[in-house]
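K.L.:
With the sequence up front, the predicted model follows.
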Number of protein chains: 2
Amino acid sequence: MSTPTPHTSDAELEQILAASALAAPVWAATPPAERASALIAVADALDQAAGELIPIGMRETGLAQARLTGELKRTTVQIRLFADVIRDGAYLDVRLDEADPDFVLGPRPDVRRMLVPVGVAVNFSASNFPFAFSVAGGDSAAALAAGCALIVKGHSGHPELSVATARVVEDALRAAGAPDGVFALVLGQQAGVTVLEDDRVDVGTFTGSIRVGRLLADKAAARPRPIQFYGELGSVNPVFVTAAALAERGEEIAAGYAASVAGSAGQLCTKPGFLWVPTTDAAGELELRVSQAAEQAAEHRLLNPSIGRAYLQRRADVLAADGVRVVAEGTVRSDDDGNVWATPTIVAVPASKLSAGDETLLDEVFGPFSVIVEYDDEASLAPSLDELYVGNLTGTVHAAAGEQSPALSSLVAGLARKTGRVLFGGWPTGVAVTPAMQHGGPYPATSNDTSTSVGTASISRFLRGVAYQGAPQEALPEPLQDANPWGVPQQRAAAGQSASWGSQR
Amino acid sequence: MSTPTPHTSDAELEQILAASALAAPVWAATPPAERASALIAVADALDQAAGELIPIGMRETGLAQARLTGELKRTTVQIRLFADVIRDGAYLDVRLDEADPDFVLGPRPDVRRMLVPVGVAVNFSASNFPFAFSVAGGDSAAALAAGCALIVKGHSGHPELSVATARVVEDALRAAGAPDGVFALVLGQQAGVTVLEDDRVDVGTFTGSIRVGRLLADKAAARPRPIQFYGELGSVNPVFVTAAALAERGEEIAAGYAASVAGSAGQLCTKPGFLWVPTTDAAGELELRVSQAAEQAAEHRLLNPSIGRAYLQRRADVLAADGVRVVAEGTVRSDDDGNVWATPTIVAVPASKLSAGDETLLDEVFGPFSVIVEYDDEASLAPSLDELYVGNLTGTVHAAAGEQSPALSSLVAGLARKTGRVLFGGWPTGVAVTPAMQHGGPYPATSNDTSTSVGTASISRFLRGVAYQGAPQEALPEPLQDANPWGVPQQRAAAGQSASWGSQR
């Protein structure tokens, strides 16, 4: 029943790369208001194509209609959000330093700086978000918004959807007047590597596994001309529950946890992989509730046979590990197409059985699986975090209302060091698309921790600074002109402002 | 006469690395106002130590008193500037998204994001700026300001000055109450590599050659936990003169060019390596004036014997190249210590003799050397730029007042793509330390083009984003609290603001 994965040919790749390189300066020079209109046209077209796209996604990924409907909505909201970002112009970080004949270090010229698009971007799609982290996903929207030409490497798990989405995006961009070559889709693993290694490409983004992400990051760094590579790789997202929180709202925590693990069959980079609970009677009650909730979860297909096989293997390994006790066994079965279907499996283990570098227990299990860790002493939580966990996308604390303690403060401080997002209550799945979102974190959560892959701040991935010194007004880009025709925020350093820098105080 | 270069021992390195890792979270948690005071104390102490430090620098580097006096002033101004930056708090990029029960994608939690220090930084000093890009230089000031613990790898060309500067910095920091271990100096090439490759180190900065910078960048990328590495590597800084500009102010251009090449014996990463002039009688006059000015330049010692030897070799290679004609021959001689002394050498070559990838003519000659390129047609300048030059720190255009042409526009657009700073008139040497400065550029000008190594924007090298979701006020860092006790700029996304993102328009 499965068709061979399509591959973009070398001849097609060359054509795509040449066209991208030609389109990049044209798109970069297109006023943001026009780029924004083109983005809105893409969002509108995707919304209108929902009836065509969603069934393809359901068939190819096994994800449910409600999930994919929500994800497509999120995707088009994200695109509209980036249209707003570039219309506003704050992302350009415009700085104008007036000439200053009396500058403390000698006469200072007029210097004006803004961010400009880096050129051509390649975005490697994710398996688990066929819309929001794929062809028209967050990095794609940010790259196009920034003014980069974009090549998307479609994921092999949903090639038909990738092609159909790309057609919608391409048609909408063309109708909106965007230059030919500003957007292209390539398929096939080697095609992606070829694009990443091509000198005409200037930045890479990726969402996927640590293994593949690191491999690509290494290739990006080893190019004759190395480029930045922003990989979002993986995370186990520990959640820490205090005794007081468990006493206060154990039922709510059990229900939230079970739902967060079960949603989209646990195939989310923000799935809570570990729930730390105190060794108390309340923990026993929690495990019982979790077990009941997990058993009521519907069977869900995993995204593709390869992910299914990996899940079976990792699940079996953890179940066989020393000290692991089953809380909810869950089901697993393979169908005739090689796809794996599963319900959540939850296990429990005493904290004493975890040790640094224990890959079997501590590495991510991608799928509907999570580990409850039973701890004895709240003071041990921060040290355990430091010792056991590498960089993560998120870390969560469930404390009681008003609860404060040195142990809790240490834990929160540790989470801010080890992760990109610290949650207080709630669950890490469901990442809000807003200006303040940080979806990133220290390696191996990402290959490059200076950015985010969700939220408006991600546009910085596709920008670099350029200063103009002593330029006549007519030679300046619009955002740097005194007349400021685009009305962007301009941060001015006036002559004389530096007087204090030279003084001793 | 020369003493063996001191090396930090492995035992000392281990002590330094351990102390840095302990100091980093303490310094990160120190309020910016206190960090700013400590920086000011460092600047004051360095100003007061000028009489001790400058003679050591003169002896070790051969740079003149006036130059080093100016450079130390620049260094302390830079430190004071970063104190201002962190007091202001805009660098934290604080974003507050209010909770929104009616968010277009479903209820949205309260999310607050700020930038936090990445941890421990290592800064590799430059040979040619013993103050401004060394122990207490720009990256050091930015790292400490951002809240990182700092390890400086001192340059082998000025070890005594490195030790003396480090003592001043360390004493001032200690007296100001900064934590032990927040700052350390290491010496020796292998010591630098050991630090860069140590898992306790989180970011690297570097100013130096392409060869060494790339080697270190590759090591940073190849670590088990890769880190960002910001290398400022090298640049030839082409300057393009139009016929109208030459007619308008040929004398001024000749004088400015000769001075910019001769200053600090041309040992600046922004030295104009190429001056493009039209093949006219005026160009002949310009060359004559340049020749006269160069011959009046005083003999200057190159920084160290190794740089001297490299200069002799590169100078000889270019002089022997096909089509090269001597404009000012300059002098070169070696002294008993192996140091090389030189006056400027300027050569001329027809544009037709340059071809892409010709390393002999196109690569940097570090020292008082520059190439005048004679071109026939202004329309050829932009294509020549594209074809011949790789990434550069700067590119300069000298046009006449009010001059406009398609050729000029193409050239300026090309310079903005190939460089980090585009100058209109003036000379690239002398980099203003201001908010709008961009000292960076596409590879190989830098190993990482997303940042600058001069100006306040460089603080971003030492920061990463962290979001707090659903946090009670008392658990939030000060900049994210509603009460905003530090008075930092907070950018708020109000509930309801996103209403439009879901609409089709």
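P.N.:
Perfect, I can see it now.
K.L.:
Give me the pLDDT for the residue nearest to A:Ala495 when sequence neighbours are not counted.
P.N.:
Sequence neighbours aside, A:Asp100 is the residue nearest to A:Ala495 in space, at 3.7 Å (criterion: C-beta to C-beta, 6 or more residues apart in numbering or on different chains). All C-beta spots, glycine's among them, are computed from the backbone N, C-alpha and C. Per-residue pLDDT puts A:Asp100 at 91.
K.L.:
didn't A:Asp100 look like it was pressed against A:Pro107?
P.N.:
Yes. Using C-beta atoms under 8 Å, A:Asp100 makes contact with A:Pro107 at a distance of 7.1 Å.
K.L.:
Looking at these two, which is more packed in?
P.N.:
With neighbours defined as other C-beta atoms under 10 Å in any protein chain shown, A:Asp100 and A:Pro107 compare such that A:Asp100 has more, 22 against 11.
K.L.:
distance of A:His7 from A:Val186?
P.N.:
9 Å (C-beta to C-beta, to the nearest Å).
K.L.:
hang on, the earlier thing: and the residue nearest to A:Ala495, what does it touch?
P.N.:
When contacts are counted by C-beta atoms under 8 Å, 6 or more residues apart in numbering or on different chains, A:Asp100 touches A:Pro107, A:Arg108, A:Ala495, A:Gly496, A:Ser498.
K.L.:
Would you point out the most distant pair within these?
P.N.:
Farthest pair in those (C-beta to C-beta) is A:Pro107 and A:Gly496. Separation: 12.9 Å.
K.L.:
Would you mind giving the domain segments of chain A?
P.N.:
The record assigns chain A these domain ranges, following automatic domain parsing: A:10-233+A:450-463, A:238-424.
K.L.:
Determine which stretch of those is the most buried.
P.N.:
Mean neighbour count (mean count of other C-beta atoms under 10 Å in any protein chain shown) peaks for domain A:10-233+A:450-463 among these, with a mean of 22.
K.L.:
what about it, how long is it end to end?
P.N.:
29 Å (C-alpha to C-alpha, to the nearest Å).
K.L.:
what's the answer for stretch A:23-38, then?
P.N.:
Where stretch A:23-38 begins and where it ends lie 15 Å apart, using C-alpha to C-alpha.
K.L.:
Stretch A:118-125 and chain B, are they touching?
P.N.:
Yes. Applying C-beta under 8 Å from any C-beta of the partner chain, one finds that stretch A:118-125 is in contact with chain B at A:Val118, A:Gly119.
K.L.:
so how far is that stretch off the chain centroid?
P.N.:
Distance of stretch A:118-125 from the chain centroid (C-alpha atoms, centre = their mean, to the nearest Å) equals 15 Å.
K.L.:
average pLDDT across it?
P.N.:
98.
K.L.:
check contacts around the most centrally placed residue in chain A.
P.N.:
For chain A, the residue nearest the mean C-alpha position is A:Ser453 (3.6 Å; C-alpha atoms, centre = their mean). A:Ser453 sits next to A:Phe133, A:Gly138, A:Asp139, A:Thr205, A:Thr207, A:Tyr230, A:Glu232, A:His439, A:Gly440, A:Thr446 when contact means C-beta under 8 Å, 6+ apart.
K.L.:
All set, thanks.
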